[in-house]
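Q: let me see the structure of the following:
(one chain, ligands or ions: 2)
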Amino acid sequence: MKHVPCALTIAGTDPSGGAGIQADLKTFQELKCYGMAVITSAVAQNTTGVKDVHHLPLGFLEKQLQSISEDMPVHALKTGMVAQKDMMNVIADWIPKIDAYYVMDPVMIAQSGDSLSEEESREVLRNQLLPLTSLVTPNIPEAEEITGKRIKTEKDMKEAAEAIVKNFGAGAALVKGGHKKGTAVDYLFDGNEIYTFESERIQTKNTHGTGCTYSAAITAYLARGYSLPEAVKQAKHFVTEAIRHSFDLGHGSGPTNHFAAREEVSNKWM
Ligand SMILES: Nc1ncnc2c1ncn2[C@@H]1O[C@H](COP(=O)(O)OP(=O)(O)O)[C@@H](O)[C@H]1O
Ligand SMILES: Cc1ncc(COP(=O)(O)O)c(N)n1
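A: Ligands and ions are numbered 1, 2, ... in the order given. Next up is the predicted model:
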């Protein structure tokens, strides 16, 4: 039987479809992976911001994870919104039971400015989850939170990526420059080398879910067997096209276009 790459996301929801679990599953599907999803929190949100959050009970999170590991193969997984420290502990206990790449998007604050994680969970993220990762993908504010150092320059971004691997035990770190001025440049440190991934900055307010989409795309390429630098390179292309052809939907920061990188539609549909 043909082997299908299997990718799992453990994250919160976005009923408006641009971020969270919904963005991850769309991305897995676009990138020809069998997508699976474990929900941490149900979030009432849209392009304008977060209205309410309902955390699922811990025992139920455990049962969802067990439903995967007792039955399904996982080649790569990602975590997105994991708001509470006890949820992080449950996930940290579960990950070593499966043999898969682990990409952590350390979601802390939504683009709308709403907090998506409890302050006290950040210590557990650093100490329990980071050492289990194959890759962590912080934006600049998240990299500052992890390292405790301000990031102002591109040199600071590279140093943060190195510190997150060397001092906090992440497998690799990709510090994303979506929140700075100038080109959209991201730096990957894989324990040996710094790699640079750069694209032009697209002038749009419609960037809801970019971080989710990017980390899901990296996860999908890892599930498909790409090396880490190649997975990031392909995922960067995927997210750049998704932003370039993002949708002017909703009244806030609109969602990215998860099918923009499809060659067969890019000329016809847009
Ligand atoms: N306006 C933009 N034009 C092009 N690329 C962008 C833009 N905004 C963000 N990116 C890219 O999108 C990806 C997600 O980055 P970022 O927005 O920093 O993440 P997050 O959603 O976690 O804050 C990165 O590759 C970043 O460089
Ligand atoms: C459930 C969930 N997870 C993550 C984000 C972050 O989204 P963004 O990539 O826009 O910062 C979000 N808004 N909702």
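Q: please enumerate the helices of the stretch 101-250 of the chain.
A: Taking DSSP state H, counting those that start in this stretch, the helices of the stretch 101-250 of the chain run over residues 121-124, 140-147, 154-166, 210-223, 228-244.
Q: tally of neighbours for residue 152?
A: 11 (other C-beta atoms under 10 Å). All C-beta spots, glycine's among them, are computed from the backbone N, C-alpha and C.
Q: typo on my end, residue 61
A: Residue 61: 23 neighbours (other C-beta under 10 Å).
Q: also the one 3 residues further on?
A: Using other C-beta under 10 Å as the criterion, residue 64 is surrounded by 17 other residues.
Q: cool, residue 44 as well?
A: Residues within reach of residue 44, counting by other C-beta under 10 Å, total 13.
Q: so which of the helices of the stretch 101-250 of the chain is nearest ligand 2?
A: helix 210-223 (3.4 Å; C-beta to the nearest ligand atom).
Q: helix 140-147 and that closest one, what's the angle between them?
A: Interaxial angle, helix 210-223 versus helix 140-147 (axes from the mean of the first three to the mean of the last three C-alpha atoms, to 10 degrees): 70 degrees.
Q: on contacts alone, who are the packing partners of helix 210-223?
A: Contact partners of helix 210-223 among helices and strands, from 3 or more C-beta pairs under 8 Å, 6 or more residues apart in numbering; DSSP states H and E: strand 6-11, helix 20-30, strand 76-79, strand 101-104, strand 173-176, helix 228-244.
Q: at 7 Å instead, please
A: In terms of contacts (3 or more C-beta pairs under 7 Å, 6 or more residues apart in numbering; DSSP states H and E), helix 210-223 is packed against strand 6-11, helix 20-30, strand 76-79, strand 101-104, helix 228-244.
Q: distance between that helix and the chain's centre?
A: How far helix 210-223 lies from its chain's middle: 6 Å, per C-alpha atoms, centre = their mean, to the nearest Å.
Q: coming back round to it: could I get the helices and strands packed on helix 210-223 as CSV with mean pLDDT and distance to ligand 1?
A: Shown next, in CSV, are the helices and strands packed on helix 210-223 (pLDDT from 0 to 100; distance: least, C-beta to the nearest ligand atom, whole Å):
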stretch, mean pLDDT, distance to ligand 1
strand 6-11, 98, 13
helix 20-30, 98, 10
strand 76-79, 98, 12
strand 101-104, 98, 12
helix 228-244, 98, 5
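Q: reformat those as CSV; add distance to ligand 2 and mean neighbour count.
A: Listed next are the helices and strands packed on helix 210-223 as CSV, based on distance: least, C-beta to the nearest ligand atom, whole Å; neighbours: other C-beta atoms under 10 Å:
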stretch, distance to ligand 2, mean neighbour count
strand 6-11, 6, 28
helix 20-30, 3, 25
strand 76-79, 10, 28
strand 101-104, 12, 26
helix 228-244, 10, 21
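Q: of all those, which one is nearest residue 52?
A: Closest approach to residue 52 among the helices and strands packed on helix 210-223 (C-beta to C-beta): helix 20-30, 14.1 Å.
Q: got a list of contacts for the closest one?
A: Helix 20-30 is contacted from outside by 7, 9, 11-14, 35, 37, 39, 43, 78, 80-81, 209, 212-213, 216-217, 220, 258-259, 262, using C-beta atoms under 7 Å, 6 or more residues apart in numbering.
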